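1. Have a look; sequence and predicted model below, questions after that.
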Amino acid sequence: KRLNNFVTELLRVSGPDSSGVNRTFVNPRTGWIHISNLGADKVKLVDAAGKPMEYLLTKEFGEARETMRFLPAGRYSISVPRAKELTVRTAGQSVHATANIESVVPEFARTAGRSRSATFSRMSIHWR
């Protein structure tokens, strides 16, 4: 479920649910996922190849226990001893562009030998 133009919710279990049953979600691309739970402080993930991974959820802000993990794209199953407001979310990767930053050494500047406007115009073409 798409929450906004940046975050997608891959799984939500309102709970409370103490069944420990495996639930499946698909990570659409290699990248970060965020796991949050008000119930248990451990989660077990199993990837499509059957490789188990166990993670500890930490409680640093508020009531939820959370973790962030960098995972390859693919199908995963997740189980927790007690699910309460269990969510798995992902966000698109962001890139910080530093257009038209001048180097301290003029020979290495991105605009060396060119005007700023020409460099910016050329960069704009590549970003479309």
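-> Cool, got the structure. Just so it is clear, the structure is predicted and the values come from calculations on it, not from any experiment. Numbers count the residues shown, from 1 in each chain.

2. Can you give the contact residues for the helix or strand harbouring Val43?
-> Element membership of Val43, judged by DSSP states H and E, is strand 42-47. By CB atoms under 8 Å, 6 or more residues apart in numbering, the list of residues contacting strand 42-47 from outside reads 22, 35, 37, 52-57, 67, 69, 71-72, 74-81. Placement of C-beta: from N, CA and C, glycine included.

3. next structured bit after it?
-> strand 52-56.

4. Quick one: list the elements packing against that next one.
-> With contacts taken as 3 or more CB pairs under 8 Å, 6 or more residues apart in numbering; DSSP states H and E, strand 52-56 sits against strand 42-47, strand 65-71.

5. so what strands line up beside that strand?
-> strand 42-47 (antiparallel) (DSSP bridges).

6. So for the strand it pairs with, what gets flagged as buried?
-> Across strand 42-47, burial judged by 16 or more other CB atoms under 10 Å covers 43, 45-46.

7. could I get those as TSV with distance to Gly92 and pLDDT?
-> Below are those laid out as TSV (distance: CB to CB, whole Å; pLDDT from 0 to 100):
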residue	distance to Gly92	pLDDT
Val43	23	88
Leu45	21	88
Val46	25	91
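
8. can you map out the helices along this structure?
-> With DSSP state H as the criterion, the chain has helices at 116-127.

9. For Arg12, see how far away the one residue sitting closest to the centre of it is.
-> Closest residue to the average C-alpha location of the chain: Trp32 at 2.6 Å, with CA atoms, centre = their mean. Distance of Trp32 to Arg12, computed by CB to CB, to the nearest Å: 18 Å.
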